[in-house]
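Undergrad: I'll drop the sequence and a predicted model, then ask my questions.
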Number of protein chains: 4
Amino acid sequence: MSVIQDLRRTVADLHRELTRYELVIWTAGNVSARVPGQDLMVIKPSGVSYDQLTPEAMVVTDLHGNLVEGDYSPSSDTAAHAYVYRHMPEVNGVVHTHSPYATAWAARGEPIPCVLTMIADEFGGEIPVGPFALIGDDSIGQGIVETLRDSRSPAVLMRNHGPFTIGKDARAAVKAAVMLEDVARTVHFAHQLGTPKPIEQHHVDSLYARYQNVYGQ
Amino acid sequence: MSVIQDLRRTVADLHRELTRYELVIWTAGNVSARVPGQDLMVIKPSGVSYDQLTPEAMVVTDLHGNLVEGDYSPSSDTAAHAYVYRHMPEVNGVVHTHSPYATAWAARGEPIPCVLTMIADEFGGEIPVGPFALIGDDSIGQGIVETLRDSRSPAVLMRNHGPFTIGKDARAAVKAAVMLEDVARTVHFAHQLGTPKPIEQHHVDSLYARYQNVYGQ
Amino acid sequence: MSVIQDLRRTVADLHRELTRYELVIWTAGNVSARVPGQDLMVIKPSGVSYDQLTPEAMVVTDLHGNLVEGDYSPSSDTAAHAYVYRHMPEVNGVVHTHSPYATAWAARGEPIPCVLTMIADEFGGEIPVGPFALIGDDSIGQGIVETLRDSRSPAVLMRNHGPFTIGKDARAAVKAAVMLEDVARTVHFAHQLGTPKPIEQHHVDSLYARYQNVYGQ
Amino acid sequence: MSVIQDLRRTVADLHRELTRYELVIWTAGNVSARVPGQDLMVIKPSGVSYDQLTPEAMVVTDLHGNLVEGDYSPSSDTAAHAYVYRHMPEVNGVVHTHSPYATAWAARGEPIPCVLTMIADEFGGEIPVGPFALIGDDSIGQGIVETLRDSRSPAVLMRNHGPFTIGKDARAAVKAAVMLEDVARTVHFAHQLGTPKPIEQHHVDSLYARYQNVYGQ
């Protein structure tokens, strides 16, 4: 069970990045990680405040959202995370927030255009909008998967709701959530006083290819 | 008197959520709690800075705002809190802030439309505007009660003034104040670059019903 | 010299409110206090960062800005503070910042209209604009005094520059600077999506009278 | 090697100003310093988070970006910093961020007009836009140098990308980055509700001359 213990700590710690960058308030946002090689995930409990998110408070569910281990009920967004893990085997981390600028684009149902090199680097093009979907069944998960399956973007703006991001691990999904809010905000500012100039597609392609392959250690 | 001691601590601590989420500046905002089973309330003292809000600094008044216990004068908004407790027996916590985005809607006298699932969840529909009312008598309290009595919303935007929120306890009223500013801000952003799409009424109803009954532990 | 020692500490500490409320960056903003009964003032040194503002780092000048005591040169805004103390004997504290929302109103040369009860309470009406004035002589001080002499407002928006606030002591001037930025921001937000409703003059008058006489301990 | 040890510490510490003023997120921004009298520079490693930026984590490269000393790969912006040092011998510090307001001006390709005394003081006139340039060769460095060579401004807004700032040392370049974001934000706010009044050129000249020669200790 030591892998799960490690993931409990990782997922608990990553929630601190959500509060550090002010992507969440009160209890409204969550991080999960797939347990490698098992049909399990580690996720935030429902309605527990970020100050109390110790590794022990995290819960473990199967990939249909049934509680396997833990003292609390899992996040009310568990079904959406689970659906993503069932249908996107390359994804090992999922994040959901209501970060304000990204959610404002989602409320209008407008994708964020690729007008910054940082968007080309991290998202590979415009950041897409997903459908309006009610919580309670697989609708949200389906909307995420259908939107992201054919996109380079690790982020989807769920209509009237807020963003979900994915990654090869939970840290990558959190990074995408942080960068999403940053570019959602900057492009919002740019649009307030005019129209930013789009980056040509061949430049987007070369920025994306380089960033995915060369950046970092 | 141990119940009152506990409430003094709870109310003192909850003011930290107002500063954490930047809903208040200097001394301009306050939390109160009804003392269960007694015609008393615990409230912030007037003009005392948030750094100095120990449990001992809190004051106890009756439900007409007369000082019963404490070293300071009660908040200048005490009459409004007291009026709410007298007329809404199901309310046990009241919060007042001048949080900037919510107050901007109040300054225009415009309700916040229900264009986010978070608004449907927590507020059950649009967030209403209350009348312009002067401090000094029961006008503010009357405006709050008349507006909220027929609404699902635990928040009212008092015209040219700022928001008041209510709850089944002081923590719930603080949560409503935090979420109010968050959605006031996101919907503000959404409107700056276009018009967000409203959520259909039957979806609002089902989101509200689920959140009130299922969310949390 | 114990009064001056106390004022050095008070003025040093009050600069922390400027950073707490994000009214200043780097070294660009300053607080001063008149030394009661003497033609002296205590003020921030020039170009020293806020982390290093100990009581000992403060400087004492006469009311023409000449250094009397201290290891550093006084703030480059010393002449403006000194002019205010020479011409407004009821003023014992002065604050200057470039807080962003207040400075945006100053850049357009537009007063902040009295559309919030908080503006009526603290400023007694609209917050006025002062003239464009170059640093280096008494121009800025003259602009402040001429604008504030006939106003209830303790704040003036110096054109293309930023706000100055005054008070019966340094703490009151800092409070005015904090509340100024708060209302500058909220009214900015309100104007972004429409036109806030003005408060009738007789209501402004009664709010101002009450707040000046009743609020606090 | 003690000079380099000192610079490692200085550069590591200066990154904390970038996070303090929220100019950067995750790992996206960097500070460098020229090693005096040697064809070397100290710069942030690539993709390392700000919490982990100890003096030891910094890397030393030559002025073509080749690693000379350090355990990590240098920042992916190293080529741009190196080009500046090779072509502007008076520059000893370079900073790159994607600070949101400055980047919004860059996304529209609009210079920031000189409508604040703080802009005249620090930037000596409008803050210019540099060309769109891809990462990977000397294009970004060339764009910076060509834009800043004929300007008083220590800051350039690289189109669709973000700002670079320069200084006589790394601290001056960081100060310019901090003040750039501040004025980018205030002028953004000013433009949202109207048109700020420009400062006459002869006033800009005298403000710039005074600030460069008189301000500080």
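TA: Looks like it arrived, so ask away. Numbering: from 1, shown residues only, chains lettered A, B, ... in the order given.
Undergrad: Buried residues of whichever strand or helix holds A:I144, list them for me.
TA: Element membership of A:I144 [criterion: DSSP states H and E] is helix A:139-148. Of the residues in helix A:139-148, A:S139, A:I140, A:G141, A:Q142, A:G143, A:I144, A:V145, A:T147, A:L148 count as buried by neighbour count, 16 or more other C-beta atoms under 10 Å in any protein chain shown. Yep, even glycine has a C-beta here, placed from its N, CA and C like the rest.
Undergrad: Now the fourth one: closest residue in space, sequence neighbours ignored.
TA: The shortest distance from A:Q142 to any residue that is not its chain neighbour, by C-beta to C-beta, 6 or more residues apart in numbering or on different chains, is 6.6 Å, and that residue is A:Y83.
Undergrad: do the second one as well
TA: For A:I140, ignoring the flanking residues on the chain, the nearest one in space by C-beta to C-beta, 6+ apart is A:A80 at 4.1 Å.
Undergrad: same thing with the last one?
TA: Counting by C-beta to C-beta, 6+ apart, the nearest residue to A:L148 once its immediate chain neighbours are dropped is A:V156, at 5.4 Å.
Undergrad: now swap in the first one and tell me
TA: Leaving aside its sequence neighbours, A:S139 sits nearest to A:A133 (C-beta to C-beta, 6+ apart; 3.7 Å).
Undergrad: ditto for A:H87
TA: A:V145 (4.7 Å).
Undergrad: pLDDT for the buried residues of helix A:139-148 - can I get that in TSV?
TA: Output for these, formatted as TSV (pLDDT from 0 to 100):
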residue	pLDDT
A:S139	96
A:I140	98
A:G141	98
A:Q142	98
A:G143	98
A:I144	98
A:V145	98
A:T147	98
A:L148	98
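Undergrad: can you pull the pLDDT of the residue of chain A found nearest chain C?
TA: Proximity of chain A to chain C (C-beta to the nearest C-beta) peaks at A:Q192, 8.9 Å away. A:Q192 is assigned 98 on the pLDDT scale.
Undergrad: ok, now the one 3 residues further on?
TA: What the model reports as pLDDT for A:T195 is 95.
Undergrad: and what of A:N213?
TA: According to the prediction, A:N213 has pLDDT 83.
Undergrad: which residues does A:E69 contact?
TA: A:I4, A:V59, A:V60 (C-beta atoms under 8 Å, 6 or more residues apart in numbering or on different chains).
Undergrad: Wait, a helix at the residue nearest to A:I140?
TA: Yes - checked against DSSP: H, G, I helix; E, B strand; the rest coil, A:A80 lies within a helix.
Undergrad: Distance check, it against chain B.
TA: Distance, A:A80 to chain B, using C-beta to the nearest C-beta, to the nearest Å: 12 Å.
Undergrad: mind checking pLDDT for that residue?
TA: 98.
Undergrad: Can you report how many residues lie near it?
TA: For A:A80, the neighbour count with other C-beta atoms under 10 Å in any protein chain shown is 27.
Undergrad: Could you measure from it over to A:T103?
TA: For A:A80, the distance to A:T103 equals 16 Å [C-beta to C-beta, to the nearest Å].
Undergrad: and A:A155, bridged to which residues?
TA: Legend: beta-bridge partners of A:A155 under DSSP bridges are A:T165.
Undergrad: so who does the residue nearest to A:E126 when sequence neighbours are not counted touch?
TA: Take A:E126 and drop its neighbours on the chain: the residue closest to it by C-beta to C-beta, 6+ apart is A:P111, 4.5 Å away. By C-beta under 8 Å, 6+ apart, the residues touching A:P111 are A:W105, A:E126, A:I127, A:P128, A:V129, A:L157.
Undergrad: separation between A:E17 and A:Q52?
TA: 17 Å.
Undergrad: Could you check which of these two is surrounded by more residues?
TA: Neighbour comparison, A:E17 and A:Q52: the larger count goes to A:E17, with 20 against 11 (by other C-beta under 10 Å).
Undergrad: who touches that one in this structure?
TA: A:V174, A:V178.
Undergrad: how about it, phi and psi?
TA: With angles defined as degrees, to the nearest 10, A:E17 sits at phi -70, psi -30.
Undergrad: got the residues of chain A near chain B?
TA: A:25-28, A:45-48, A:72-73, A:76, A:98, A:100-101, A:103-105, A:107-110, A:132, A:134-136, A:159-162, A:188, A:191-192 (C-beta under 8 Å from any C-beta of the partner chain).
Undergrad: These in helices, which ones?
TA: Assigned to helices by DSSP state H, the following of the residues of chain A next to chain B qualify: A:P100, A:Y101, A:T103, A:A104, A:W105, A:A107, A:R108, A:H188, A:H191, A:Q192.
Undergrad: Identify the residues contacting A:V204.
TA: A:C114, A:A120, A:G124, A:G125.
Undergrad: again with A:T97
TA: Counted by C-beta under 8 Å, 6+ apart, A:T97 has contacts A:L18, A:L23, A:V24, A:A28, A:G29, A:G162, A:P163, A:A177, A:E181.
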